[in-house]
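coordinates only, sequence not included:
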């Protein structure tokens, strides 16, 4: 690519700046709590599987949809900061 | 002009958002998708194999080891105790008689006979159920060997084990004076150890020898990513039941790891009573290197194109590659930036939540087992389940339509 060096410099600068931030240490407490939650969820799943699966799918879809919509709004807000000819 | 710039901004946002989602999806590996074996373990009382022959004088409970040395165990019979089997002693089976005292009543057993590498002592009258042994004596030509540990004959070895926890006083003691040593359950890591792996998923293999003295419910793993100081979570390998005799088997748990670099892992046998769990294995290390298939798999175009002399199309292709295709340095610096961002806040929090949410499922090991008569399940719960889930879907569709009406770009 003819102008590879521009994004390369940008990536290197971002990488260098981010290296000053300490990495996140995952203590696996969140995962363990989800595993415990799954065990409790498995109890009603034994006799009403469709309802439990439906609720899980709807909640997951809602999280994804609203998260994506929020992400879109954030990007759009950033883009609106750029001046344009008017 | 304002409308035009707003239009271009909207188009740009619509392109940028999916691009970011696509790139991160292309870069991220599937996480914590366990494909190991292990079935549901129903929570019930530990299933100890009785060292005694209960109700059946012809079956020898071979291969049933006792609890650790010095353990005090309780015993309550679930069936009449007919005979007792012990490993062979140094003076021979026929030289020893067994006297079992329970609830203050003496009960003399028969003289021992040789049986499958040990000695079988058959009681003249079976000891009734729900009895509690208070003492058991082995007498050898005037040399009593009490089960409370006081013995004047150090050459004999009598090892007993018992079963379910009962009530009353201690039924018997473990008495050992040399010779046989009670075995202990153990686990050994097999793989991956001191290797470099390329790509996911990774299979963690262990061999374990389990005896019947302690009921282990699962194999618990600990894994740490050395390069990013992260402790990761691997779902345990669950045993379906406790063995009725000593067993040596292999367990494999397969997971996909999130980042490249060095890892350390260890495992142990987890018992219902944590104090009875086995010791952790030593830490084993391995490296997870970058997969040969590039993580930036949206850049699949060839970097170098060789053209024939008069192939104009090829030359045009070459020109476009030279203009637009990123160099190796670009890919390397981009990968490095992504790896750094994934481990740093705030992006790392998003990945932790997203990755761990994949562990949320409704069909894992249940915290409690509910038994429902099949007739009620078929005739009541199934139709209600189907009807209510259909209503839920219809309600969701209605609410989602109303939500879409209020979305503004």
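That came through, no problem. This one's a predicted model, so the numbers in the text were calculated from it and none came from an experiment.

bridged to residue B:196, which residues?
Legend: beta-bridge partners of residue B:196 under DSSP bridges are residue B:287.

my guess is it contacts residue B:287. True?
Yes - taking CB atoms under 8 Å as the definition, residue B:196 is a contact partner of residue B:287 at 4.4 Å. (Each C-beta comes from the backbone N, C-alpha and C, glycine too.)

the two - which one has more neighbours?
Neighbour count, other CB atoms under 10 Å in any protein chain shown: between residue B:196 and residue B:287, residue B:287 has more, with 16 against 10.

got the contact list for that one?
B:195, B:196, B:197, B:261, B:262, B:263 (CB atoms under 8 Å, 6 or more residues apart in numbering or on different chains).

thinking residue B:247 is in contact with residue B:209, fair?
Yes - applying CB under 8 Å, one finds residue B:247 in contact with residue B:209, separated by 7.2 Å.

ok, and does the helix or strand containing residue A:64 reach over to chain B?
Assessed by DSSP states H and E, residue A:64 sits inside helix A:49-80. Yes - judged by CB under 8 Å from any CB of the partner chain, helix A:49-80 comes into contact with chain B at A:49-56, A:58, A:60, A:68-69, A:71-72, A:75-76, A:79-80.

buried residues, that helix. List them.
A:49, A:50, A:51, A:52, A:53, A:54, A:55, A:58, A:72, A:75, A:76 (16 or more other CB atoms under 10 Å in any protein chain shown).

output the below-cut-off pLDDT ranges for chain A.
For chain A, applying pLDDT under 70 flags the ranges A:1-2, A:26-28, A:86.

how near is the residue most central in space within it to residue B:350?
Chain A has residue A:67 as the residue nearest its centroid, 7.6 Å off, counting by CA atoms, centre = their mean. Residue A:67 sits 9 Å away from residue B:350, going by CB to CB, to the nearest Å.

next, count neighbours for residue B:308.
7.

quick one: neighbours of residue A:22, just the number.
So residue A:22, with other CB under 10 Å, has 10 neighbours.

residue contacts, the residue lying closest to it once chain neighbours are set aside?
Nearest non-adjacent residue to residue A:22, counting by CB to CB, 6 or more residues apart in numbering or on different chains: residue B:344, 7.8 Å away. Contacts for residue B:344 (CB under 8 Å, 6+ apart) come out as A:18, A:21, A:22, A:23, A:24.

check which residues of stretch B:192-208 are buried.
Applying 16+ other CB under 10 Å to stretch B:192-208 flags B:192, B:197, B:199, B:200, B:201, B:202, B:204, B:205, B:206, B:208 as buried.

for the particular helix or strand that has residue B:248 in it, packing partners?
Using DSSP H and E, the element containing residue B:248 is strand B:247-255. Packing partners of strand B:247-255 (3 or more CB pairs under 8 Å, 6 or more residues apart in numbering or on different chains; DSSP states H and E): strand B:202-210, strand B:216-225, strand B:237-238.

strands paired with that strand, and their directions?
Each strand paired with strand B:247-255, and its direction, by DSSP bridges: strand B:202-210 (antiparallel).

okay, the buried residues of helix A:49-80 in JSON lines with distance to residue B:340 next?
Below are those laid out as JSON lines (distance: CB to CB, whole Å):
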{"residue": "A:49", "distance to residue B:340": "42"}
{"residue": "A:50", "distance to residue B:340": "44"}
{"residue": "A:51", "distance to residue B:340": "43"}
{"residue": "A:52", "distance to residue B:340": "39"}
{"residue": "A:53", "distance to residue B:340": "38"}
{"residue": "A:54", "distance to residue B:340": "40"}
{"residue": "A:55", "distance to residue B:340": "37"}
{"residue": "A:58", "distance to residue B:340": "36"}
{"residue": "A:72", "distance to residue B:340": "25"}
{"residue": "A:75", "distance to residue B:340": "21"}
{"residue": "A:76", "distance to residue B:340": "26"}
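
out of those residues, the closest to residue B:333 would be?
residue A:75 (22.9 Å; CB to CB).

residues near whichever residue of the stretch 101-250 of chain B sits closest to chain A, how many?
Chain A sits closest to residue B:233 of the stretch 101-250 of chain B, with a gap of 3.7 Å, by CB to the nearest CB. Close neighbours of residue B:233, defined as other CB under 10 Å, add up to 22.

next one: residue B:342
Residue B:342: 19 neighbours (other CB under 10 Å).

picking that back up, of all the helices and strands packed on strand B:247-255, which lies closest to residue B:380?
Going by CB to CB, the one of the helices and strands packed on strand B:247-255 nearest residue B:380 is strand B:237-238, 30.8 Å.

close to chain A, is that closest one?
No - using CB under 8 Å from any CB, strand B:237-238 never reaches chain A; the gap is at least 11.0 Å.

elements contacting that strand?
Short answer (3+ CB pairs under 8 Å, 6+ apart): strand B:237-238 packs on strand B:216-225, strand B:247-255.

Throw those strands into CSV and include mean neighbour count, mean pLDDT and distance to residue B:268, thanks.
What follows is the helices and strands packed on strand B:237-238, written out as CSV (neighbours: other CB atoms under 10 Å in any protein chain shown; pLDDT from 0 to 100; distance: least, CB to CB, whole Å):
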stretch, mean neighbour count, mean pLDDT, distance to residue B:268
strand B:216-225, 21, 84, 6
strand B:247-255, 16, 82, 12
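
need the ones you listed in JSON lines with distance to residue B:334, can you?
Below are those laid out as JSON lines (distance: least, CB to CB, whole Å):
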{"stretch": "strand B:216-225", "distance to residue B:334": "21"}
{"stretch": "strand B:247-255", "distance to residue B:334": "27"}
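
for residue B:94, which of these is the nearest?
Nearest to residue B:94, of the helices and strands packed on strand B:237-238 and by CB to CB, is strand B:247-255 at 33.2 Å.

you'd agree residue B:334 is in a helix?
Yes - checked against DSSP: H, G, I helix; E, B strand; the rest coil, residue B:334 lies within a helix.

returning to that earlier point: after the strand holding residue B:248, which helix or strand is next?
strand B:261-271.

for chain A, tell me whether that next one is touching it.
No - figure legend: strand B:261-271 not in contact with chain A (CB under 8 Å from any CB); closest approach 11.3 Å.

how far away is residue A:13 from residue A:6?
Residue A:13 is 11 Å from residue A:6, by CB to CB.

do residue B:259 as well
Counting by CB to CB, the gap from residue B:259 to residue A:6 is 28 Å.
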